[in-house]
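Participant: pasting the structure only:
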C-alpha cells in the first residue's frame, strides 16, 4: 500500500544510468530522537552548551523539512467528511508557536530555509481509505512531536546565516539543484567493478568544485554552502542496499557522469540568470 503520492515540480536532474544500476533501495535513518508521551506545546527550547556545528544545523533543517512536508501536504481523494487539517490543528499551532519563538533569533534563518525547501515538495497523502487516512494523521502527529522536540534541542546551537534578500522560491530551487548535484558526486555504492568511485568521479567532482569556486564572493555562496551541508548530512544517515557493480569501461562512465553533472550545473546557472 502506497501512502504518499509525489510529483516533482522543480529542476529535473539527468538520471545517471550507472548509478541506478549500482544502487538498490536506500534507507534514511532518523537522527537520534528521544521520546515523550505527548506533543509538547511550549515554545521554549531546551538549554544547550554552545553554538553547534555545521552538521547540527543541517540536522535542524532536515527535521524542519520533514515536519513541514508531513504537516502541510494535503489529502488526495479523501472522503468528503474527512478533514485532515482540522485533525492536525494542535500540531499546526505548536509549529506556529515555535516559529514565533525563533523570530529574531538565528534559528529563524534555518527554519525559513527549511519551510521554503519543503514547499517544493509536490505531493499529497493518499487518503481514499478512511482507515489509512487516520493512520496518516497519526504519522504526522508523531513526526511533528518528534521533530519539534529535536528542533528545540538544536535551536540554541544555531548560528545566523549571511543570506542575501531575494526570492525565497528561487533560492529554494537553487538549493534543491545543489543538493542533487552533491548527491550525484557522492554515490554510496561502487559504480564500476574494479575501479573506485574516486577514480570514476574525479572529473565530475572537479567541475563541481570549479562551479563552487565561481560563486565565491557572491550572494549565492552561502546558499550553496547550506545546500551542500544538507546533502552531506542526509547522505551520512542514508544506508543504501548496494547491488553488484557492473564491469564497464571506466572512461566511458566517467564521461557520462561528467556530462550529467554539467547538465545539472547548466540548470543551476539558468536559475541564477533569472
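Facilitator: Right, received. Where do you want to start? Bear in mind that the values here come from a model prediction, so they are computed numbers and not experimental data. Numbering: from 1, shown residues only.

Participant: For residue 140, which residues are in contact?
Facilitator: Contacts of residue 140 were listed using Cβ atoms under 8 Å, 6 or more residues apart in numbering, and they are 70, 71, 88, 91. No exception for glycine: its C-beta is placed from N, CA and C like everyone else's.

Participant: from these, which is closest to residue 219?
Facilitator: For the contacts of residue 140, the closest approach to residue 219 (Cβ to Cβ) belongs to residue 71, at 30.1 Å.

Participant: next structured bit after the helix or strand where that closest one lies?
Facilitator: Residue 71 is part of helix 54-72 when elements are defined by DSSP states H and E. Counting by DSSP H and E, the element after helix 54-72 in chain order, helix or strand, is strand 75-76.

Participant: got the buried residues for the following helix or strand past that next one?
Facilitator: Where DSSP H and E defines the elements, the next helix or strand beyond strand 75-76 is helix 84-87. By neighbour count, and taking 16 or more other Cβ atoms under 10 Å as the criterion, the buried residues in helix 84-87 are 84, 87.

Participant: Contacts for helix 84-87, please.
Facilitator: Against helix 84-87 from outside (Cβ under 8 Å, 6+ apart): 74, 75, 78, 92, 125, 127, 133, 136, 137.

Participant: number of nearby residues for the third one?
Facilitator: By other Cβ atoms under 10 Å, 19 other residues sit near residue 78.

Participant: again, but for residue 218
Facilitator: 12.

Participant: List phi and psi for it.
Facilitator: Phi and psi for residue 218, reported as degrees, to the nearest 10, are phi -100, psi 170.

Participant: What separation do you get for it and residue 273?
Facilitator: With distances defined as Cβ to Cβ, to the nearest Å, the gap from residue 218 to residue 273 amounts to 13 Å.

Participant: And residue 85, by the same measure?
Facilitator: According to Cβ to Cβ, residue 85 stands 38 Å off from residue 273.

Participant: again, but for residue 61
Facilitator: Residue 61 sits 26 Å away from residue 273, going by Cβ to Cβ.

Participant: who's more crowded, the two?
Facilitator: residue 61 (28 against 6).

Participant: so what's that one closest to, chain neighbours aside?
Facilitator: Once flanking residues are discounted, residue 61 sits nearest to residue 114: 4.6 Å by Cβ to Cβ, 6 or more residues apart in numbering.

Participant: Tell me how many other residues surround that neighbour.
Facilitator: The criterion is other Cβ under 10 Å. On that basis, residue 114 has 23 neighbouring residues.

Participant: Just to check, it is in contact with residue 71?
Facilitator: No - the pair formed by residue 114 and residue 71 falls short of the contact definition of Cβ atoms under 8 Å, at 12.0 Å.

Participant: Which residues are in contact with each of the two?
Facilitator: Among the neighbours of residue 114, none is also in contact with residue 71 (Cβ under 8 Å, 6+ apart).
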